[in-house]
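# structure, please.
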Amino acid sequence: MRISRHLPVILCFTLAFAYTSATRAAVSSVPDDLAIRAALYDFHQGNYLSALITYPESDASADAQLLRAQTLAQFGLLDSAKKILETLVRDHGGKLRAEAAFELGRIDYRMGRYGDAIDAFKRINGLDKRLLPIYRRYNAAAMLAQGDLTEAAKVLSKIEDSVWAGYAYQNLAYEYYKKDSDPSRALISMRVAEALSGVTSKDSPDAEVRELNSRIHLAAGQMSIDSLDYEKAITFLNKVSVDGASAPQALYLHGLAHAKAGRFRQAIQSWYRVKKYPLIEDGVADAFMGLAFAFDKEGYTSKSIRSYLEAISVLDKEVRTLDTVISTVNEIGAVSALLRESSLDRLEWFLADSIATNTPKVSYLIYLISDPDLLQQVERIAEIDVMIDNLSIWQHDLSVFESMLASRVTGFKRGAKSAQSKIGAAQVVRLKQRRDNLLAELTQAEAENNFISVASGELQSQFDRANTLASRVDVIKNAKAVSAQDRDHLTEKIRILNGILVWDAKEQYEQNLQSLRREFFEVDKEIERYEANLNSFATVVSGGPDRFESLLGSTEDKKKQNAAVLTKAKQLLADADKEFTAASLTMLTAKRNQLNNRNETAQQALAHLYERLAMQQYELAERQRKIEEEKRLAEEQARLKLQGKKAAQPAKGAL
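Numbering: from 1, shown residues only. Down below sits the predicted model:
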């Protein structure tokens with residue numbers, strides 16, 4: 001079973017449907033236009049599950065169905081997406097039909113149905129210009145998959161300048177390279193890919209353009225080396241960005257091209273730069289061994305030996321590290337070992353200056369997801385993780401809501417809310433009585449033309465102060481504290497003041513009456529509103545236990561449904577983990593065997609170097625011995641010859 005693009009559609013669709021059913025209630029209150037915008041945002045951000053949940057089911061427009069089909073396809077529900085798209089192609093025309101046919105062709109291509117994809121692409125007419133490069137790239141790719149290079153080239157001859165054009169011609173170049181013994185057509189296609197993709201510099205600010213630039217020139221360099229054109233290979237490889245993912249392999253090939261051309265000193269310079277990259281990347285292990293070989297070719301035997309020893313050391317350490325990684329993945333699974341915090345985070349890394357970005361765990365994960373199938377598995381695992389996290393949060397929220405509802409039911413049964421309702425009703429009665437009393441006073445004041453009673457509060461306050469002042473004058477009058485003339489003068493002033501106040505009250509009498517009637521009218525409305533709210537509250541309270549018990553039952557059902565979906569999601573994650581673990585172990589074991597073979601090769605090369613040095617030393621010693629032996633023999637012969645001459649001479653006495 002494959003959990004990535006070959007994931008069982010029925011199981012995935014059942015899980016997604018249950019997931020969305022359990023959560024759609026949370027977004028059902030969002031207005032449709034806002035929900036549509038939120039779904040579009042999620043779609044373009046790659047949050048396809050959130051888009052499926054958010055998009056309103058009530059929108060049955062053709063554009064909405066197209067978006068739903070695109071979202072289903074991106075989420076992996078290809079068959080469900082195809083049904084919608086086939087309906088759109090059948091029932092509509094124009095750009096909508098063209099885009100639906102385009103999406104249908106892309107789905108067939110992803111499913112490996114290249115013939116069906118080509119048939120779908122043939123039905124496209126009037127596609128939006130912005131999609132044309134992508135359409136032609138997929139159409140050509142489907143033709144290449146069927147081995148029809150001629151038709152693919154015809155399609156690509158019409159493609160517009162874009163990054164998609166670069167990818168398309170790069171794929172065409174690979175196919176030419178596989179088919180032709182002469183790489184000329186492949187190299188020409190690579191140059192076209194460079195031109196059409198807009199790649200003008202390896203320092204382009206666009207990361208995707210820089211990476212495409214590097215891949216194009218890396219592939220062209222490899223092709224040139226294979227065709228023995230080393231100078232052209234170096235020209236291509238010089239254009240690869242040293243900051244990109246292709247840098248280690250490009251540097252290795254750069255050194256290889258120099259070595260093939262006999263320039264071992266330049267090869268050493270290139271290969272030495274590769275040593276900072278993780279050994280698991282292509283070309284790095286070969287660069288370690290190439291250094292030793294190049295030093296040997298340059299006559300630096302001691303440096304060659306040190307380089308071989310270094311290569312053996314780092315390869316041996318890397319193999320042991322890989323054994324640890326393989327053991328950990330086999331023990332706890334690839335998800336826990338590589339995608340979660342694990343003991344692999346503490347693996348020692350011999351590149352101390354690169355520990356922030358090139359830890360072993362990260363390097364191995366990058367190596368694994370360089371395989372498209374494993375990348376899709378990791379993306380699927382990430383989607384399931386998000387699903388599980390959200391479901392767990394909702395399970396907790398439902399538990400809290402369930403507890404709150406149970407508490408409410410208990411509270412209603414105790415009658416606490418009913419008591420509050422009765423208190424509110426008594427307050428309404430008292431308010432009505434107070435309003436009736438005030439209204440009676442107003443009616444009496446109106447009948448008696450009591451201007452002061454309906455005057456403003458400020459005027460009434462002034463009138464009260466004037467009466468108080470008159471009372472104090474009476475007290476003074478009785479006490480005879482001032483003269484009679486002063487008392488009469490004060491009394492007259494107070495009388496005039498009262499007259500003025502009464503006059504002002506009379507002037508404002510009608511206005512004050514109308515204002516008081518309006519205020520009574522507003523008071524009546526407020527009392528009615530308050531009484532209506534109390535009645536509504538009493539109605540809610542009377543049916544409260546039943547309503548909350550109903551909500552409690554519904555919450556319990558949702559909680560069970562959510563728990564069931566959570567269980568399915570965890571099982572799906574376990575299945576995905578098993579597949580990811582098996583595929584990871586296969587790749588890691590293959591890399592481990594490859595590095596181990598490199599290690600053995602380095603040991604053999606070092607042994608041969610030692611053997612050659614021993615032979616050279618032996619031959620040198622032999623030559624030295626022969627020279628010394630010849631010298632000794634020559635000296636012996638000279639000595640014997642001298643002795644013979646001496647023996648042949650007559651003695652002086654004999655003469």
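
# give me the low-pLDDT residue ranges for the stretch 101-250 of the chain?
Within the stretch 101-250 of the chain, the set of residues satisfying pLDDT under 70 comprises 198-205.

# again, 90 this time
Residue ranges of the stretch 101-250 of the chain with pLDDT under 90: 101-102, 106, 108-141, 144-172, 174-214, 227, 241-246.

# could you pull out the helices in it for me?
In the stretch 101-250 of the chain, the helices defined using DSSP state H, counting those that start in this stretch lie at 114-122, 132-145, 149-156, 163-179, 184-196, 207-226, 230-237, 247-260.

# any chance of a markdown table for those, columns mean neighbour count?
Glycine gets a C-beta too; all of them are placed from N, C-alpha and C. Supplementary listing: the helices of the stretch 101-250 of the chain in a markdown table, determined by neighbours: other CB atoms under 10 Å:
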| stretch | mean neighbour count |
| --- | --- |
| helix 114-122 | 19 |
| helix 132-145 | 22 |
| helix 149-156 | 18 |
| helix 163-179 | 21 |
| helix 184-196 | 20 |
| helix 207-226 | 21 |
| helix 230-237 | 20 |
| helix 247-260 | 24 |
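
# make JSON lines from those and add distance to residue 269 to it.
Supplementary listing: those in JSON lines, determined by distance: least, CB to CB, whole Å:
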{"stretch": "helix 114-122", "distance to residue 269": "45"}
{"stretch": "helix 132-145", "distance to residue 269": "38"}
{"stretch": "helix 149-156", "distance to residue 269": "38"}
{"stretch": "helix 163-179", "distance to residue 269": "29"}
{"stretch": "helix 184-196", "distance to residue 269": "26"}
{"stretch": "helix 207-226", "distance to residue 269": "17"}
{"stretch": "helix 230-237", "distance to residue 269": "12"}
{"stretch": "helix 247-260", "distance to residue 269": "8"}
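
# closest to residue 528 out of those?
Of all these, it is helix 132-145 that lies closest to residue 528, at 66.5 Å by CB to CB.

# which other helices and strands contact that closest one?
With contacts defined as 3 or more CB pairs under 8 Å, 6 or more residues apart in numbering; DSSP states H and E, the secondary structure elements packing on helix 132-145 are helix 94-110, helix 114-122, helix 149-156, helix 163-179.

# any chance of JSON lines for those, columns distance to residue 367?
As requested, the helices and strands packed on helix 132-145 are exported to JSON lines (distance: least, CB to CB, whole Å):
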{"stretch": "helix 94-110", "distance to residue 367": "24"}
{"stretch": "helix 114-122", "distance to residue 367": "29"}
{"stretch": "helix 149-156", "distance to residue 367": "31"}
{"stretch": "helix 163-179", "distance to residue 367": "21"}
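
# which one, of these, ends up nearest to residue 575?
Comparing the helices and strands packed on helix 132-145 by their distance to residue 575 (CB to CB), the top pick is helix 94-110, with 20.9 Å.

# next, the angle from that closest one to helix 132-145.
30 degrees (axes from the mean of the first three to the mean of the last three CA atoms, to 10 degrees).

# list the buried residues in helix 94-110.
Neighbour-count burial for helix 94-110, counted by 16 or more other CB atoms under 10 Å, picks out 96-109.

# pLDDT on the helix or strand hosting residue 362, on average?
Taking DSSP states H and E as the criterion, residue 362 maps to helix 360-369. Averaging pLDDT along helix 360-369 yields 88.

# and it, what does it pack against?
Counting contacts by 3+ CB pairs under 8 Å, 6+ apart, helix 360-369 packs against helix 301-332, helix 372-413, helix 509-648.

# buried residues in the first one, which are they?
Using 16+ other CB under 10 Å as the burial criterion, the residues of helix 301-332 that qualify are 303-305, 307-308, 311-312, 314-315, 318-319, 321-322, 325-326, 328-330, 332.

# list the contacts of residue 153.
Residue 153 makes contact with 140, 172, according to CB atoms under 8 Å, 6 or more residues apart in numbering.

# gap between it and residue 179?
Note on residue 153: its distance to residue 179, by CB to CB, to the nearest Å, is 12 Å.

# how about residue 93?
Distance from residue 93 to residue 179, by CB to CB: 40 Å.

# please apply the same query to residue 404.
As defined by CB to CB, residue 404 lies at a distance of 70 Å from residue 179.

# where does the prediction get shaky in the stretch 351-500 of the chain?
Residues of the stretch 351-500 of the chain meeting the criterion pLDDT under 90: 351-364, 366, 370, 372-373, 376, 379-380, 382-391, 393-395, 397-398, 401-500.

# residue 299: what secondary structure?
On the three-state scheme (DSSP: H, G, I helix; E, B strand; the rest coil), residue 299 is labelled coil.

# next, it: phi, psi?
For residue 299, the backbone dihedrals (degrees, to the nearest 10) come out as phi 90, psi 10.
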